[in-house]
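Visitor: just to be clear, the model below is a prediction. Sequence and coordinates:
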Amino acid sequence: MIKGLSFQKGILFIGHKYVACSYNENDKWKTWIKPKTSSTMVEVGKMIFTSMPRWFYLFLMGWVILIIYPYVLRLFGLDGAIGLPLYTLIYFMIGTHFWFPKELKKYHGAEHKVFSFRGVVSVRNHSAIKRAEITNRGCSTNAVVLYFLLLVITAGVLLAIYETAFRNVLEAATYISLIIWPATIYWLNRTKKTKGHEFLLLISYWLQRHVTTLEPDDVHVKTAIRAYRKLALKEFPKKLVVKRKKKEEIFMAIADITIMPLGSNSTSVSDVVAEVHRTLKQSKLPIKYELTSMSTLIEGEIADIYAILKEIQEVPFKLGHQRVATNIRIDDRRDRPSSIKGKIESVEKKIAEHQIGEE
């Protein structure tokens with residue numbers, strides 16, 4: 001299963017064996033792919049952390065100070081200071097998902113659109129990819145929503161069972177929820193959709209559309225495409241192949257037509273035949289025709305043959321004849337292509353083979 005990971009400067013796609021990344025550094029675009037090793041993942045973590053804006057570090061520093069300063073004061077014999085509990089750092093790390101910086105939100109949106117797009121992911125299709133759905137069932141927003149719902153439910157259950165301070169209940173609920181979180185993520189992403197799934201996804205999709213993503217610009221979409229293709233070329237190249245529709249095989253029919261006006265004062269029918277061929281020549285239908293001494297052969301799709309037959313049937317009447325006898329034979333073969341030229345060549349070939357055999 002491929003995982004996407006957006007950060008302030010670009011996008012990563014993590015596969016089974018490789019990690020691919022495309023990002024901007026000093027106004028230069030870089031793309032790489034590396035084996036999915038522990039050192040690569042450490043590098044990825046460092047890249048994501050160091051790409052965050054300055055206010056993020058200031059906020060994190062302030063949060064950490066609020067956690068540790070009561071302990072520091074106790075070293076100097078000063079008690080009574082109230083700070084943030086250590087477990088609230090979990091809220092900070094998971095909750096930052098809801099206040100992504102603007103660029104990160106756009107990369108996040110581009111990542112989702114690549115996953116949502118059903119065609120071949122390529123720069124050529126970037127306009128279509130940009131129009132793809134911005135929500136994604138495998139998004140980490142789903143997991144974040146799930147964690148905080150677990151926290152509320154677990155805290156509620158513990159409060160109902162134990163008579164203790166809310167702070168103690170919240171701390172216990174925080175760690176219990178963290179322990180059971182992976183199993184619930186598996187349930188959400190890997191099991192058949194139920195009403196429970198739909199409820200969680202309803203919340204998550206709203207957050208994805210209005211909080212954790214923004215509509216990406218072309219540069220964000222193209223960055224996502226470059227990273228995805230880099231991974232795809234290594235792990236699933238078949239997904240980058242354009243599947244061409246199998247060309248529909250067209251079968252040609254052959255019609256043998258003889259038109260005989262009845263009750264004519266002349267024994268000749270050449271004027272009728274000549275006018276028939278003028279009609280055939282002027283027709284815009286994709287047909288071929290050939291005059292023989294006894295009839296006219298017409299080659300084309302069966303629908304076109306029926307259409308032209310209707311036209312040439314009227315020719316003798318337009319010339320003043322009142323009664324017409326038309327003989328039509330149609331060879332409509334569907335097991336393989338057929339043509340006037342092919343039928344003649346087949347017979348000539350067999351004649352030639354017979355003559356060689358006699359010699």
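Guide: Cool, the structure landed.
Visitor: surely residue 98 and residue 211 touch.
Guide: Yes - counting by Cβ atoms under 8 Å, residue 211 is a contact partner of residue 98 at 5.7 Å. Yep, even glycine has a C-beta here, placed from its N, CA and C like the rest.
Visitor: contacts for stretch 203-221 next, please.
Guide: 97-98, 100, 102, 105-110, 112-114, 126, 129-130, 134-136, 139, 141-142, 145, 224 (Cβ atoms under 8 Å, 6 or more residues apart in numbering).
Visitor: please check these and keep the buried ones.
Guide: Listed as buried from the contacts of stretch 203-221 are 97, 100, 105-110, 112-114, 126, 129-130, 134-136, 139, 141-142, 145, 224; burial here means 16 or more other Cβ atoms under 10 Å.
Visitor: now, those residues that are in strands?
Guide: Residues of the buried ones among the contacts of stretch 203-221 located in strands (DSSP state E): none.
Visitor: the residue most central in space within the chain in helix, strand or coil?
Guide: Central residue of the chain (Cα atoms, centre = their mean): residue 118, 1.0 Å from the mean position. Judged by DSSP: H, G, I helix; E, B strand; the rest coil, the three-state class of residue 118 is coil.
Visitor: distance from stretch 313-327 to the middle of the chain?
Guide: 58 Å (Cα atoms, centre = their mean, to the nearest Å).
Visitor: returning to what we had before: can you tell me which of the buried ones among the contacts of stretch 203-221 are in helices?
Guide: 105-110, 112-114, 126, 129-130, 141-142, 145, 224 (DSSP state H).
Visitor: what is the lowest-pLDDT residue among those residues?
Guide: For those, the weakest pLDDT value sits at residue 126, with 88.
Visitor: spell out which helix or strand contains the residue nearest to that one when sequence neighbours are not counted, please.
Guide: Excluding the flanking residues, the one nearest residue 126 by Cβ to Cβ, 6 or more residues apart in numbering is residue 221, at 5.1 Å. According to DSSP states H and E, residue 221 maps onto helix 218-235.
Visitor: check residue 169 too.
Guide: With elements delineated by DSSP H and E, residue 169 resides in helix 166-190, which encompasses its position.
Visitor: by contact count, what packs against that helix?
Guide: helix 88-95, helix 140-161 (3 or more Cβ pairs under 8 Å, 6 or more residues apart in numbering; DSSP states H and E).
Visitor: tell me the most buried of the ones you listed?
Guide: Here the criterion is mean neighbour count by mean count of other Cβ atoms under 10 Å, and of the helices and strands packed on helix 166-190 the winner is helix 140-161, at a mean of 17.
Visitor: which residues does it contact?
Guide: Applying Cβ under 8 Å, 6+ apart, the set of residues contacting helix 140-161 is 94-95, 97-98, 166, 169-170, 172-174, 176-178, 180-181, 184-185, 188-189, 200-201, 203-204, 207-208, 212.
Visitor: just the buried ones among those, please.
Guide: 94, 97, 169-170, 172-174, 176-177, 181, 184, 188, 200-201, 204, 207-208, 212.
Visitor: domain-wise, how is the chain divided?
Guide: Split into domains by automatic domain parsing, the chain comes to 138-212, 253-358.
Visitor: let's have those in JSON lines, adding distance to residue 22.
Guide: Below are those laid out as JSON lines (distance: least, Cβ to Cβ, whole Å):
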{"stretch": "domain 138-212", "distance to residue 22": "19"}
{"stretch": "domain 253-358", "distance to residue 22": "49"}
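Visitor: need the strands for the stretch 201-350 of the chain, in chain order.
Guide: Secondary structure of the stretch 201-350 of the chain by DSSP state E, counting those that start in this stretch: the strands cover 253-262, 288-291, 296-300, 323-332.
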